[in-house]
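Engineer: the following comprises the amino acid sequence and a computationally predicted model.
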Amino acid sequence: MKLRLLRCLRQQPKQTTRPMQQEELEVVRHHMMKDMQKNNTDMPVKILLLGTAESGKTTIIKQMRILHINGFTDDERREKIPEIYQNIHDSIIQLVRQMTLLDIGFGSRSSERSADYILSLDSLAPDYMSEEYCDHVMALWNDVGIRSCYNRSNEFPLLDSAKYFLDNFVRISDMDYIPSTEDILHSRKITTGISQITFRVPLPKSLGGGDQEFRMYDVGGQRDQRNKWIQVFEGIQAVLFLISCSEFDQNLREDPTQNRLQEALKLFRAVWQNRFLSSAGLIVFLNKYDIMERKIRAGKHIVDYFPEFEEFQSRRQQNNLFDESDWTKMFIKQKMVDITQEPFKRNSRNQTDYSSTERECYYHFTVATDTRCIRDVFSDVQQMILSENVSGLALY
Ligand SMILES: Nc1nc2c(ncn2[C@@H]2O[C@H](COP(=O)(O)OP(=O)(O)OP(=O)(O)O)[C@@H](O)[C@H]2O)c(=O)[nH]1
Ligand SMILES: [Mg+2]
C-alpha cells in the first residue's frame, strides 16, 4: 500500500528524519511511479464523501458512474421511475399542506378541489399516473397560490428538484416515459447505509501512465446517520466534503430550529479536526451554487441570516466587479478557510492532537447535477490527489 505508506511518512515529526537530497528524491520518485503503474490493480485510491443531508454526495457518485462506468442502462433507468414519481408526489403534497400553514389562498375554486384530491391520497406515490392524478397535479403547479408557496419554500423542507420535476411533469407522466440522465441526477433518495463505487481512470504520463483504481464511499448525511461514518475512515486518502451554498436561508429537516449552513460549518469543523482523518487530503465542494444564484436573483440575501456578511462585504468593497452571488460564495468559502485556521486544543477523543497548520484544504465551486462541471473539477481533484501522493515524498 504505497499511498498509505506515504501518508505515514508525512505524519512523522520533521526533526527525526534526514532531509533527502535531490538526486535521492528523484530516484525514489521514479521507483514510486513505476510501482504505481505496476501495482495499480491492488491499490485503489480511497475517497470518502462527507457532508450534511442533501448536500449532493449521492449525486457525485452518479456522476462518477456517468463519467467513468458507461452511465445507466435502459433497465436501470426504468428502475428509477418509482423514485421520481415519489419525488413528484412528495413535492406536490408538501406544497399543498404548506398553503394552510403559511395562510396562502389558492387562485381558484378548482385548485382547491385539486388540493382536496391530493390530500386524500396515500403518502406513497401511485404506481402509475392516472389522467385524473395528472390533471390535478398540473392544475396545482399552475396555480398562483402554489407558486407563492413555492417562492417561500425556504421556510419548510421541500426537495431541491421539486421545480425541475414539476416543470417536466407532462413528459414524465407519459406512459412510455424512460428517465433521462438529467432526471436521474435530479432524483432524490435519502442515503441510509454506506455504499461504494469503484472505477478506473487513465493516468497521465507525468504520473507514470497506465490507469488508477478509485474507490469512492457514500454515506448518509442526516444527523442519525453520522455515527456510521467512522466505519469507513480507515485508509482514506481524500475526503470530499460537500457543502450546499444555497442553504443559508433553510433549516434542517431533522431539527427545524437549526440553520442548515450553520450545521454544515459545524460539521466541517468536526471533520477538519477529526484525528482519524488527519492524514487524509481535504477537498471541499461548495455545491449547488446554481440554486444559490437563483435565490439571490429572487431577492434572498445571506445577510438576513448571517449579519456578519455586511462587514465582510464592506471590508472588501474596493473590488466592485463582483455581484452579490460572488460575494456570497466568497463569504461561505471564507468561513471554511477561517475554520481551518482556528487554533484548537484536543478536547475530545475524536480530535486530532494538533492544530494542523501545515495541512491544506482545496476548494471548488460545483453544481453536482452538471456533468461537465463535475468532469472538470474531478479531473483537477484526481490530478491533485495523485500528485500529492507522489510529492508527499518531497516533504522529508
Ligand atoms: N440544482 C442542483 N441540485 C442539486 C445539486 N447537487 C445535488 N442536487 C440535488 O439535491 C438533492 C439531494 O442530493 P443528494 O445527492 O441525494 O444528497 P446527499 O448528500 O446524498 O443526501 P443524503 O443521502 O441525505 O446524505 C437531489 O435531488 C439532487 O439532484 C446541485 O449542485 N444543483
Ligand atoms: Mg445520499
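Structural biologist: It's in. Just so you know, these numbers come straight off a predicted model, no measurement behind them. Ligands and ions are numbered 1, 2, ... in the order given.

Engineer: which bits of the stretch 251-396 of the chain sit near ligand 1?
Structural biologist: Asn287, Lys288, Asp290, Ile291, Val367, Ala368, Thr369 (Cβ under 6 Å from any ligand atom). C-beta here means a position set from N, CA and C on the backbone, and glycine is covered the same way.

Engineer: mind putting those residues in TSV, distance to Arg152, neighbour count and pLDDT included?
Structural biologist: Converted to TSV, those look like this (distance: Cβ to Cβ, whole Å; neighbours: other Cβ atoms under 10 Å; pLDDT from 0 to 100):
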residue	distance to Arg152	neighbour count	pLDDT
Asn287	23	30	98
Lys288	19	26	98
Asp290	20	17	97
Ile291	15	18	97
Val367	24	21	98
Ala368	25	24	98
Thr369	23	22	98
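
Engineer: Asp127 in helix, strand or coil?
Structural biologist: Of the three states, Asp127 takes coil according to DSSP: H, G, I helix; E, B strand; the rest coil.

Engineer: the stretch 51-200 of the chain: strands as residue ranges?
Structural biologist: 195-202 (DSSP state E, counting those that start in this stretch).

Engineer: so which bits of it are right by ligand 2?
Structural biologist: Neighbours of ligand 2 within the stretch 51-200 of the chain, by Cβ under 5 Å from the ion: Lys57, Thr58, Thr191.

Engineer: isn't Gln231 right up against Gln196?
Structural biologist: No. With contact defined as Cβ atoms under 8 Å, Gln231 does not reach Gln196; the gap is 11.6 Å.

Engineer: wait, what's in contact with the residue of the stretch 1-150 of the chain found nearest ligand 2?
Structural biologist: Using Cβ to the ion, the closest approach of the stretch 1-150 of the chain to ligand 2 is made by Thr58 at 3.2 Å. By Cβ atoms under 8 Å, 6 or more residues apart in numbering, Thr58 lies in contact with Lys189, Thr191, Asp218.

Engineer: quick revisit: with neighbour numbers in mind, choose between Gln231 and Gln196.
Structural biologist: Between Gln231 and Gln196, counting by other Cβ atoms under 10 Å, Gln196 is the more crowded of the two (15 against 10).

Engineer: the residue nearest to that one when sequence neighbours are not counted sits in which helix or strand?
Structural biologist: Computed as Cβ to Cβ, 6 or more residues apart in numbering, the closest residue to Gln196 that is not its neighbour in sequence is Tyr217, at 4.9 Å. Assigned by DSSP states H and E, Tyr217 belongs to strand 211-218.

Engineer: what strands line up against the next helix-or-strand element following that strand, and which way round?
Structural biologist: Using DSSP H and E, the helix or strand that follows strand 211-218 in sequence is strand 238-244. Paired neighbours of strand 238-244 in the sheet (DSSP bridges): strand 45-51 (parallel), strand 281-287 (parallel).

Engineer: tell me which of the ones you listed lies nearest to Gln262.
Structural biologist: strand 45-51 (14.1 Å; Cβ to Cβ).

Engineer: can you pull the pLDDT of the residue nearest the centre of the chain?
Structural biologist: Centroid-nearest residue in the chain, with Cα atoms, centre = their mean: Gly56, separated by 3.0 Å. On pLDDT, Gly56 comes in at 98.

Engineer: same question, Arg315
Structural biologist: pLDDT at Arg315 comes out at 76.

Engineer: now do it against Ser278, distance only.
Structural biologist: 32 Å (Cβ to Cβ, to the nearest Å).

Engineer: those two: who's more crowded?
Structural biologist: Higher neighbour count among Arg315 and Ser278: Ser278, with 17 against 8, using other Cβ under 10 Å.

Engineer: Thr369: which element?
Structural biologist: Following DSSP H and E, one finds Thr369 outside all helices and strands.

Engineer: wait, doesn't Leu49 sit right on Tyr217?
Structural biologist: Yes. If you go by Cβ under 8 Å, Leu49 and Tyr217 touch, sitting 6.6 Å apart.
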